[in-house]
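Asks: would you be able to build a 3D model of this:
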Amino acid sequence: MYLTMAFGILMVNWWGPRVALMLAVSTWLNMLQFNMAFTAWNLFTSLRGPISLAISWGVFRWLLRGDTRLPSINQLIAFVAFGIFLPLTFNASFKFVQVIDDPQRWIIFLSFWLPDVLTNLAFTVPVMILVSPWLLARDWVLKPPARELTPIPAYPGRWYELVLLCAISLVLHVFLSFERFWFLFGVFSIYASIRFGLRIVSFFNFYIFAISYILPVFLKEQEPYQMAKFYDIHLGMCLLFIFSLVTARIMKDVRAAREQLARQNHQLEEAIQNLQQTNTELDRFVYSVSHDLSAPLKSVKGLVHLSKMEGDPSALPLYLEKIDVSVNKLEEFIREVLDYARSKRKDVVTEQVSLSQLTHEILDHIKYLDNFKSIEITTRWEVETVVTDRTRLKIILNNLIANAVKYHPVREREKPVIHISSRQTAEGLCIEVADNGAGIAPEIRDRIFDMFFRGAADVSGSGLGLYIAREAADKIRAKITVASHVGEGSTFSIHVSSLRA
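Replies: Numbers count the residues shown, from 1 in each chain. As a prediction, the model looks like this:
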């Protein structure tokens, strides 16, 4: 009997006042079916259910803008007070008016009001909390709220503890008198609210309600409303259910705040570490840039000064050639700095990239490097295309291929070769740049990707190339690995995962 109003409160808060209207129409049809007189009082009393539901929706959902998921303590209290207590009080007041002259009118009123309240606290609240998110995810609820709830991590092994608590409650109900020891179940409910949170305590309250009020009816035991302490027990259980729900809501809010604070602290620590790393890189960057920019300019200035002092005009081409070398070094360094800036700041833009076409562009760009014409460059593509950021992949391949050309020693006994290839692996695409050059010593292999690192003092270059390549690889979720043996050569592998175009 009491579940009718519980289902009504659920449906009216999910789907609006149309539910109350449908209930009114259904009530009037029943009056016609059973030939009930359509007197003013009968019509008015037939509307007590629909009006009660309209009050629940009107105050909680429309006036207070309530959220059916009950995501905060304020929402829970508002629903219990205005979505349950207020409409049920209005509904029970009709019975009070009917027995206004009876000396036992308040007892009769409570006998109608308390079971309804207890049923809604034990049934409506948990169903609202558990089912509303599922309905909202499918847009099956009227006016779904905009924000999402923050998930709370589950306690390890809590299901075993919950099953044990339910078993103990059932045993106590069998062997102890509910009339005398009803408060023990309230204590278990409070414990469940502290230990497990809002969803579990909502289920547990319904479980207590089921074994204490529903199960005895099916087993044809003495019904709860026939017990001597009927009102005290109902009122006490209602208060304990409310207290357990409020406690659980507060505990959930505290855990959510703690989780959010932990996430914010973690993000702050990461931001501080990134800022420290950026400051360190900036210091090194400013120092190296000032040196690498000024060195070619000083060289050009010195060569210009010497050319002015030179009396032999035939020596001018030699000075111009040396100036050209210094300018090329300066241009190469500026290009690397621009590549670094693009890779660091530019958003990732994915597209279908042809590896053969991209490699051809890079080789055409570096064909004026020393040793380029002395090196045999071959390609082999098992996989010819990949979906990724073209600019960053070009930066990576350009640095690897250019390094293989610039630092490849030309030996008479062995023809210098650079082989560029691609193959499919279980993890994705692997692009390899292999050479038979001098190789990389094991003691410096782990440092070659550091900013401004040079393998030796007499090695040309800024030391930015491989660092920029690694930064670009990180942006497109790629990884660069190196295998090298001194005197035999090196193989740089780019492990690329295709991104969505």
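Asks: going forward, measure contacts between C-alpha atoms and count neighbours the same way
Replies: Fine.
Asks: tell me the mean pLDDT over stretch 97-110?
Replies: Stretch 97-110 shows a mean pLDDT of 83.
Asks: so which bits of that stretch are buried?
Replies: Within stretch 97-110, the residues scored as buried using 16 or more other C-alpha atoms under 10 Å are Arg105, Phe109, Leu110.
Asks: nearest to Asn403, of those?
Replies: Proximity of the buried residues of stretch 97-110 to Asn403 (C-alpha to C-alpha) peaks at Leu110, which lies at 88.4 Å.
Asks: tell me which element that closest one is part of?
Replies: helix 105-119 (DSSP states H and E).
Asks: elements contacting that helix?
Replies: Counting contacts by 3 or more C-alpha pairs under 8 Å, 6 or more residues apart in numbering; DSSP states H and E, helix 105-119 packs against helix 2-15, helix 86-98, helix 230-309.
Asks: quick revisit: closest one of the buried residues of stretch 97-110 to Leu32?
Replies: Looking across the buried residues of stretch 97-110 and measuring by C-alpha to C-alpha, the closest to Leu32 is Phe109, at 28.3 Å.
Asks: related to what we said a few turns ago, okay, the buried residues of stretch 97-110 in CSV with distance to Thr350 next?
Replies: Listed next are the buried residues of stretch 97-110 as CSV, based on distance: C-alpha to C-alpha, whole Å:
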residue, distance to Thr350
Arg105, 76
Phe109, 70
Leu110, 69
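Asks: so which residues make contact with the helix holding Leu110?
Replies: Contacting residues not belonging to helix 105-119 are listed as 2-3, 5-6, 84-85, 88-89, 92-93, 95-96, 99, 209, 225, 231, 234-235, 237-238 [C-alpha atoms under 8 Å, 6 or more residues apart in numbering].
Asks: pull the distance from it to the chain's centre.
Replies: For helix 105-119, the separation from the chain centroid amounts to 46 Å (computed by C-alpha atoms, centre = their mean, to the nearest Å).
Asks: just the residues contacting the very next helix or strand once past that helix, thanks.
Replies: Sequence order places helix 125-137 as the next helix or strand after helix 105-119, per DSSP H and E. Residues outside helix 125-137 that contact it (C-alpha under 8 Å, 6+ apart): Leu10, Trp14, Thr68, Arg69, Leu70, Val141, Pro144, Arg199, Ser202, Phe203, Phe206.
Asks: which two among the residues you listed are spaced furthest apart?
Replies: Counting by C-alpha to C-alpha, the most remote pair of the contacts of helix 125-137 is Pro144 and Phe206, 25.8 Å apart.
Asks: looking only at neighbour counts, state which of the two leads.
Replies: Phe206 (23 against 18; other C-alpha atoms under 10 Å).
Asks: which residue packs closest to that one, ignoring adjacent ones?
Replies: Ala122 (4.4 Å; C-alpha to C-alpha, 6 or more residues apart in numbering).
Asks: got the contact list for that neighbour?
Replies: Ser202, Phe203, Asn205, Phe206, Phe209, Phe241 are the contacts of Ala122 under C-alpha under 8 Å, 6+ apart.
Asks: now with 10 Å, please.
Replies: With contact set as C-alpha atoms under 10 Å, 6 or more residues apart in numbering, Ala122 has these partners: 6, 201-210, 237-238, 241-242, 245.
Asks: so, low pLDDT: which residues of the stretch 151-300 of the chain?
Replies: Across the stretch 151-300 of the chain, the ranges flagged by pLDDT under 70 are 151-158, 178-181, 183, 217, 219-234, 281, 284-296.
Asks: can you rerun that using 90?
Replies: Along the stretch 151-300 of the chain, segments meeting pLDDT under 90 span 151-267, 269-300.
Asks: ok so, going back, closest one of the contacts of helix 125-137 to Val325?
Replies: Checking these one by one against Val325 (C-alpha to C-alpha), the nearest turns out to be Pro144, at 68.2 Å.
Asks: one step back: just to be sure, which of the contacts of helix 125-137 are found in helices?
Replies: In this view, these that belong to helices under DSSP state H are Leu10, Trp14, Arg199, Ser202, Phe203, Phe206.
Asks: on that earlier part again, could you dump the helices and strands packed on helix 105-119 into JSON lines with distance to Ser193 added?
Replies: JSON lines is the format used below for these (distance: least, C-alpha to C-alpha, whole Å):
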{"stretch": "helix 2-15", "distance to Ser193": "22"}
{"stretch": "helix 86-98", "distance to Ser193": "25"}
{"stretch": "helix 230-309", "distance to Ser193": "4"}
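Asks: for the helix or strand that contains His419, name the packing helices and strands.
Replies: Assigned by DSSP H and E, His419 falls within strand 417-424. For strand 417-424, the packing partners by 3 or more C-alpha pairs under 10 Å, 6 or more residues apart in numbering; DSSP states H and E come out as helix 355-365, strand 376-381, helix 390-406, strand 429-435, strand 489-496.
Asks: still on that earlier bit, now the buried members of the contacts of helix 105-119.
Replies: 5-6, 84-85, 88-89, 92-93, 95-96, 209, 231, 234-235, 237-238.
Asks: Val99 versus the residue lying closest to Phe96 once chain neighbours are set aside, what's the distance?
Replies: Distances taken as C-alpha to C-alpha, 6+ apart put Phe109 closest to Phe96, at 5.4 Å, once the chain neighbours are dropped. Distance of Phe109 to Val99, computed by C-alpha to C-alpha, to the nearest Å: 9 Å.
Asks: what touches both of these two?
Replies: Ser93.
Asks: quick one: the helix or strand where Phe188 lies to helix 230-309, angle?
Replies: Element membership of Phe188 [criterion: DSSP H and E] is helix 178-196. Put simply, helix 178-196 runs at 0 degrees to helix 230-309, going by axes from the mean of the first three to the mean of the last three C-alpha atoms, to 10 degrees.
Asks: which secondary structure elements does helix 178-196 sit against?
Replies: By 3+ C-alpha pairs under 10 Å, 6+ apart, helix 178-196 packs against helix 158-175, helix 198-209, helix 230-309.
Asks: give me that answer again for 7 Å
Replies: Applying 3 or more C-alpha pairs under 7 Å, 6 or more residues apart in numbering; DSSP states H and E, one finds that helix 178-196 contacts helix 198-209, helix 230-309.
Asks: buried deepest among those helices, which one?
Replies: Mean neighbour count (mean count of other C-alpha atoms under 10 Å) peaks for helix 198-209 among those, with a mean of 23.
Asks: what's in contact with it?
Replies: With contact meaning C-alpha atoms under 7 Å, 6 or more residues apart in numbering, helix 198-209 is reached by 122-123, 125-126, 129-130, 185, 189, 192-193, 241, 245, 248-249, 252.
Asks: can you count the residues close to Arg423?
Replies: 15.
Asks: nope, Ser189 is what I meant
Replies: 28.
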